[in-house]
Each structure stands twice: as structure tokens, then as C-alpha cells.
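Undergrad: pasted the sequence and its predicted model underneath.
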Amino acid sequence: MKLQQKQSRVPLQLRQGLVAEVRASLKPGMEFNALYGQLLSRLEEVEAPSLEQAKALLRNPETLLAQREQKKAAAVKVQAQLKAQIVNANIPKQAPDREKLVADTLAFVNRFPTLNAAEIKRVTILRQTNGNRDLRAVPFSAIASPESLAENLDCAQKLDDGNGKAGVHFSTSCQMFFLQQTELLPSEKSPAAFPALVEIS
């Protein structure tokens, strides 16, 4: 079953008219896409958007762009809180030196900003099975050849499909392999096929 896309309140004809208005309102250093996007976002909140409303909003483009930055900052804050909650929830309450463990795990997770919620949970659990040490992270780009990369991916499991057990895991969102300290990628076991391994620090 196809999900229907939310109908925009801003009709196509009005959108076309907005392009010229936004271009005319741009000041040095302003990006067209940023201003146009924020204007559309504001017009979506209005019951019956019009060109007059758009012109009124564009009288002060700095305010529109400041609102956009506030939204972005709020989203970053929410994301950081979510990461902290996931890490905190997946470290046992009775763990020794728990506060430091949570902070260290969060610092490791923050090195990979594109990890999704399920991947953050899995990394938190895997880090504990690794003796509460950071996992070894190897970027896809460090693999010597497409064949070696394919071999490594075939032998690994997706980070968000895993069950927290040891083994080679990978995240497509951040294009990275995650391993316990003692583990090797299949291509690392044959050095000739893997001359240029670079480990992320």
C-alpha cells in the first residue's frame, strides 16, 4: 500500500511566483535555497497562503533565516538528547563507574553523527561486550578494493539488525565497519589483498 504524500498548502502557481520575490529579497551572503525553504515552511503553517503574505514575510529576510537557524539548533539539541537517552538506557544501572561509562560511550557514539537510533543502541551494547572499550572502526573507504569490500560486507551483519553479540558489524549510514579489538575483517586476514588499511582514530 502506497503512503500518500502530505498535500502542500502552497499551490504550484504561488511557488513559481515566490522565486522572483525571494531573489529580490536576497541580501549579500544569503542563500536562495535557505530563504526560499524557510519561506515555504512558514507559508505551510498558514491556512490559505498568498503572495501578499509571502511579501510581508520577506520584508525582513534576516528574521526568516534566524528562525531557520533556531529550528536547526533545536533539532540538533533533540538529537543529542535522544542519543544520551539511548546510551543511558542500555548501560546497566549497577555498572561500576557508570557515569564515566555513559560519558565515554556517548563520546564514542558522537564520532559517528549519522548512526540511527537502533545503531546507537547496538554500538552501546557492543562496546560493553568489548570490555567497555571503544570498538575498532574501519571506514569503507579504507578497504583496498571493491572485491575486498564486498567480501567484508558478506561476512558482516548490519549494525541495526544485530543482537549485540560480538562479530563484525557495519553501518551503511556512516559507511563504517565496527569490530571488537581482537577481531579482523576477512580482507585483513590476507594482507596482500588489504595493503592500505587505515583505521579511524
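TA: Structure received. Numbering: from 1, shown residues only.

Undergrad: so who does the residue nearest the centre of the chain touch?
TA: Among the residues of the chain, the smallest C-alpha distance to the mean C-alpha position (C-alpha atoms, centre = their mean) belongs to residue 114, namely 2.7 Å. Neighbour list for residue 114: 171, 173-174 [criterion: C-beta atoms under 8 Å, 6 or more residues apart in numbering]. Just so you know, the C-beta spots here come from the backbone N, C-alpha and C atoms, and that holds for glycine as well.

Undergrad: so the closest residue to residue 123 other than its chain neighbours versus residue 79, what's the distance?
TA: Once flanking residues are discounted, residue 123 sits nearest to residue 109: 5.9 Å by C-beta to C-beta, 6 or more residues apart in numbering. Taking C-beta to C-beta, to the nearest Å as the measure, residue 109 and residue 79 are separated by 11 Å.

Undergrad: quick one: which of those two has more around it?
TA: residue 109 (21 against 12; other C-beta atoms under 10 Å).

Undergrad: quick check: the more buried one touching residue 124?
TA: Yes. Contact between residue 109 and residue 124 holds when scored by C-beta atoms under 8 Å: they sit 7.1 Å apart.

Undergrad: which residues do those two both contact?
TA: With contacts taken as C-beta under 8 Å, 6+ apart, the residues that reach both residue 109 and residue 124 are residue 87.

Undergrad: just checking, residue 120 touches residue 87?
TA: Yes. The criterion here is C-beta under 8 Å, and residue 120 meets it with residue 87 at 6.8 Å.

Undergrad: common neighbours of the two, please.
TA: Contact with both residue 120 and residue 87 is made by residues residue 109, according to C-beta under 8 Å, 6+ apart.

Undergrad: now do stretch 172-186, average pLDDT.
TA: Per-residue pLDDT values across stretch 172-186 average out to 89.

Undergrad: and it, which residues are buried?
TA: Within stretch 172-186, the residues scored as buried using 16 or more other C-beta atoms under 10 Å are 174, 176-180, 183, 185-186.

Undergrad: could you do stretch 103-118 as well?
TA: Going through stretch 103-118 with 16+ other C-beta under 10 Å, the ones that come out buried are 104-106, 108-109, 112, 115.

Undergrad: can you check stretch 17-30 too?
TA: 18, 21-22, 25.

Undergrad: next secondary structure after the strand or helix carrying residue 64?
TA: When elements are defined using DSSP states H and E, residue 64 is found to belong to helix 61-89. Later in the chain than helix 61-89, the nearest helix or strand by DSSP H and E is helix 98-109.
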